[in-house]
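Q: got a structure for you, letters missing:
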């Protein structure tokens, strides 16, 4: 499959940061930027990059033969790993367990975004 690891990393972010099939790119980009900001990433730069990477993902899954650059794949994998780690830490600190449904995470992210 063209862009397999790239698409897998994006699917990981979609599963973590999105709960419904509407406005996926916007929600994934905003929530991802917020989560990555917790790890020291620049939120504005990350927001733009996630939008670009999501556009590339869309082209790939809808039939483009263009392969993602190795740097894009690596960057997206780093984003996915950091978001997973931040998600785990948030879950553990929030309720003292390793489980927190994505809809709860989206509410936490939405509240933090509206406070900025």
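A: It's in. Bear in mind the structure is a predicted one, so any value in this text is a computation, not a measurement.
Q: Scan the helices and strands of this protein for the one with the lowest mean pLDDT.
A: The weakest-scoring helix or strand in the chain, judged by mean pLDDT, DSSP states H and E, is helix 102-115 (a mean of 53).
Q: The top helix by length along the chain: how far from the chain's middle?
A: Using DSSP state H, we find that the single longest helix of the chain is helix 70-95. The chain centre lies 8 Å from the centre of helix 70-95; the measure is Cα atoms, centre = their mean, to the nearest Å.
Q: Same check on stretch 67-87?
A: 9 Å.
Q: What mean pLDDT does that stretch get?
A: What stretch 67-87 shows for mean pLDDT is 92.
Q: what residues does it touch?
A: 2-3, 5-6, 9-10, 12-13, 16-17, 32, 35-36, 38-39, 41, 46, 49-50, 53, 56, 60, 100, 105 (Cβ atoms under 8 Å, 6 or more residues apart in numbering). From N, CA and C alone the C-beta is placed, and that goes for glycine too.
Q: Buried only: go through these for me.
A: 3, 6, 9-10, 12-13, 16-17, 32, 35-36, 38, 41, 46, 49-50, 53, 56, 60, 100, 105 (16 or more other Cβ atoms under 10 Å).
Q: circling back to that earlier point, now intersect the contacts of stretch 67-87 with the helices, please.
A: Short answer: the contacts of stretch 67-87 in helices (DSSP H) are 5-6, 9-10, 12-13, 16-17, 32, 35-36, 46, 49-50, 53, 56, 60, 105.
Q: Could you measure from residue 32 over to residue 67?
A: Going from residue 32 to residue 67 by Cβ to Cβ, to the nearest Å gives 22 Å.
Q: Understood, closing this out.
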